[in-house]
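this is a predicted model, with the sequence first.
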Amino acid sequence: MSKVKILVTGGTGYIGSHTVVELINAGFETVIIDDLSNSEQFILDRIEQITGVCPTFYNIDLCDKDAVEDVFSKEKNIVSVIHFAAYKAVGESISEPLKYYNNNLLSLINLLEVMKGKNVNNVVFSSSATVYGEPDILPITESAAIKKSLSAYGSTKQMGEDILEKLSAVSKINSIALRYFNPVGAHETALIGELPVGIPNNLMPFVTQTAIGKREVLTVFGDDYATPDGTCIRDYIHVVDLAKAHVKACERLIEGKNTSKYEVFNLGTGKGSSVLEIIETFKRVTGVNLNYKIGPRREGDAEQVYADTSLANNKLEWKAKLGLDEMINSAWKWEEQLKEKV
Ligand code: WQD
């Protein structure tokens, strides 16, 4: 019996590659579209090393609609699409908004237009807790207010959700938006992980790059917040837990278990951790010292962000299982492996 085929855009990226591994583990056939603008082709070999299966790969830009059309003509019987492919550097999106609106929105619209034409009707969309901005109430539920985003990146996630909601209402498309809190960590084999280009924007890669000696010092962006230790709190979630949630979302749509045409789920652990807690946990788990200093606040940072995950727990029948120790230990093993590779 032929396997159910899932198309994963951005499937050589950080979350995409971990999701492809979990899809293969769950018995799906996977097809990847990626333009390799923020990932590398060797990740395909790593996926094969982990799973024994090398996904079908198309190196194309989703902004090239004909190329997208061509993939759907070649790959018959795609049952569901998981759409990761997007630019995601918050800071860059503020200085280069058109780059983000053009790429992130045009690629989504092209994908959806081709899906409609080919009668592929299930899509899982990679969204972000950034759509909430600074929350008024904690923990954050899916019905929390969506505030005007400070970044073009955040706006493209809000607009992407809006496009899906409105299209699903008047077409055969069924969609699920997954709002990620803070994805961190790497696969236990240390064969795949986060490959930040240039100076990392995010905390965890900056921690591991500082510890391995690639960066001189980690700056803690402010310790004068109204939190127990003064540093910001986030809901860090292991990338493998996140990947497994995508499999569950795909299955929900394929099995027709979705209770509305457009659904949204928060993907977090429901637990908040401060920056200093991450630093202390890193030192305890790895035994490696970390050179850090306290610096000024980073503009736009929310004080506390953590999820109410009950909707995902109940409807997706999914719950994050891995804790901070596994997140940090796997991130460190990946960083050490990267150093050996260079
Ligand atoms: C986490 C905490 C920083 C770096 C971003 C995006 C969001 C999503 C996840 C895509 C904050 C502090 C960080 C450093 C620090 N990405 N920090 N020193 O800002 O919560 O969310 O990544 O969807 O859209 O906004 O994550 O990892 O940048 O920061 O003190 O060198 O670590 O102030 O409190 P953030 P982050």
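Arrived safely, thanks for sending.

with just CA atoms, put the helix or strand G154 falls within into PDB.
Assigning secondary structure by DSSP states H and E places G154 in helix 152-169. The C-alpha coordinates for helix 152-169 follow below in PDB (Å, rounded to 0.1, in the frame of the first residue of the first chain):
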ATOM      1  CA  ALA A 152       7.200  42.900   9.300                       C
ATOM      2  CA  TYR A 153       8.000  39.300  10.200                       C
ATOM      3  CA  GLY A 154       5.300  39.200  12.800                       C
ATOM      4  CA  SER A 155       2.900  40.900  10.400                       C
ATOM      5  CA  THR A 156       3.400  38.300   7.800                       C
ATOM      6  CA  LYS A 157       2.500  35.600  10.300                       C
ATOM      7  CA  GLN A 158      -0.700  37.500  11.200                       C
ATOM      8  CA  MET A 159      -1.500  38.100   7.600                       C
ATOM      9  CA  GLY A 160      -0.700  34.400   6.700                       C
ATOM     10  CA  GLU A 161      -3.200  33.300   9.400                       C
ATOM     11  CA  ASP A 162      -5.800  35.700   8.100                       C
ATOM     12  CA  ILE A 163      -5.300  34.500   4.500                       C
ATOM     13  CA  LEU A 164      -5.900  30.900   5.600                       C
ATOM     14  CA  GLU A 165      -8.900  31.700   7.700                       C
ATOM     15  CA  LYS A 166     -10.600  33.600   4.900                       C
ATOM     16  CA  LEU A 167      -9.700  31.100   2.200                       C
ATOM     17  CA  SER A 168     -10.700  28.100   4.300                       C
ATOM     18  CA  ALA A 169     -14.100  29.700   4.800                       C
END
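
show residues contacting that helix.
86-90, 92-94, 96-97, 100-101, 104-105, 108-109, 112, 123, 125, 127-128, 130-131, 133, 146, 148-149, 173-175, 177, 261-262, 264 (C-beta atoms under 8 Å, 6 or more residues apart in numbering). Yep, even glycine has a C-beta here, placed from its N, CA and C like the rest.

for the helix or strand just after that helix, list the C-alpha coordinates in CSV.
Proceeding N to C from helix 152-169, the next assigned helix or strand is strand 174-180, under DSSP H and E. The C-alpha atoms that make up strand 174-180 are tabulated as CSV, following Å, rounded to 0.1, in the frame of the first residue of the first chain:
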residue,chain,number,x,y,z
ASN,A,174,-8.8,23.0,5.6
SER,A,175,-6.1,24.7,7.6
ILE,A,176,-4.4,24.6,11.0
ALA,A,177,-2.1,27.4,12.2
LEU,A,178,0.5,26.4,14.8
ARG,A,179,1.8,29.2,17.0
TYR,A,180,5.3,28.3,18.2
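
so which bits of the stretch 51-200 of the chain are right by the ligand?
K88, V90, S128, T130, Y180, N182 (C-beta under 6 Å from any ligand atom).

would you list those residues in JSON lines and tack on distance to V197, pLDDT and neighbour count?
Shown next, in JSON lines, are these (distance: C-beta to C-beta, whole Å; pLDDT from 0 to 100; neighbours: other C-beta atoms under 10 Å):
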{"residue": "K88", "distance to V197": "11", "pLDDT": "95", "neighbour count": "23"}
{"residue": "V90", "distance to V197": "14", "pLDDT": "93", "neighbour count": "18"}
{"residue": "S128", "distance to V197": "19", "pLDDT": "98", "neighbour count": "25"}
{"residue": "T130", "distance to V197": "19", "pLDDT": "96", "neighbour count": "22"}
{"residue": "Y180", "distance to V197": "19", "pLDDT": "98", "neighbour count": "21"}
{"residue": "N182", "distance to V197": "19", "pLDDT": "98", "neighbour count": "23"}
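
just those residues: which are in strands?
S128, Y180, N182 (DSSP state E).

list the contacts of the first one.
The reference is to S128. So S128 contacts G154, K157, R179, Y180 (C-beta under 8 Å, 6+ apart).

once you drop chain neighbours, what's closest to it?
K157 (5.0 Å; C-beta to C-beta, 6 or more residues apart in numbering).
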